[in-house]
Every structure is written in structure tokens, then in C-alpha cells.
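Next one to model:
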Amino acid sequence: MVPAAARRRRRPHRRHLRGAGRRADPRPRRRPRSAGLLVDAAAHRLGIAFGLFAVAWKPRLVSGMLPVVGALWMFLFGFTVRDMVLGTVESGQYLGLLLLLVTLAAMAWAWLSHHGYVMLRAGWRELGATPV
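Next up, the predicted model:
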């Protein structure tokens, strides 16, 4: 007869199973750290969604949201490259990165068409100015 402690050691624990389609357990009593990460991710995405809604509503606000989305894309690009090197990248990461890049390009286009072109032209003139 095998003791209960030995039987428990033979069964793999859930935290060691790393399936591609496995999602984090949203129940806080079982995994409080993953539940906190899920709440943070939801708050982050909701904040970005409200910012994009505000930019769509009033395009003059795009100049404030553009650096935030640009920095987010750069950090996510770096982490995706790291995951590619480690071999742990998933297809959802590529899709999310591509969608964020398309969003960033659309926002840059909106900024250029609204008032960015005038600012860039004035900056170019200042760089090409000759001293008196």
C-alpha cells in the first residue's frame, strides 16, 4: 500500500501544467496573484479604451494619447521579442501587437491631419533658420 504523501507527489500540480490554451483562474481565493493581474490588465485596457474613445470624439486630444500608445507599443514589442527568443510567444501576442501598431498609425495620421503638420513645418523652419 502506497502512503497518501507518495500518491500526492506523483500527481502533477496545476501550476506546472503550461498548456497553450490554459487561462488564468479568475477566482481570487485560489490564485490571488493571478486575480490581481487580471484586474490590472482589465483596468489597463479599459483606460486605453476610454482614451481612444475620447480621441475619436475630439481629435484635438490625440496629441496627449499618442505618446502613451507609442510607449505601450514599444514596451510590448520589446517583451514580444524577448518571448520570441525564449520560445514562449503565442499567436495572440502577435495579433495584439499588430492591432496596437495599426491604432498607433491611425492616431499619428489623425494628429498629422489635424494640427501636427503645421507644428512639424514650423519646427523644420526653425531648424533651417540662419542666425542673425
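
Could you check how far residue 92 is from residue 80?
From residue 92 over to residue 80 the distance is 11 Å, taken as Cβ to Cβ, to the nearest Å. C-beta: built from backbone N, CA, C; applies to glycine.

So these two - more neighbours on which side?
residue 80 (16 against 9; other Cβ atoms under 10 Å).

contacting residues for that one?
Listed by Cβ atoms under 8 Å, 6 or more residues apart in numbering, the contact set of residue 80 reads 89, 93-94, 97.

That one: what secondary structure?
Secondary structure assignment for residue 80 (DSSP: H, G, I helix; E, B strand; the rest coil): helix.

Low-confidence stretches in this protein?
1-32, 132 (pLDDT under 70).

ok, which stretches of it are helices?
In the chain, the helices defined using DSSP state H lie at 4-10, 32-57, 62-86, 91-111, 117-127.
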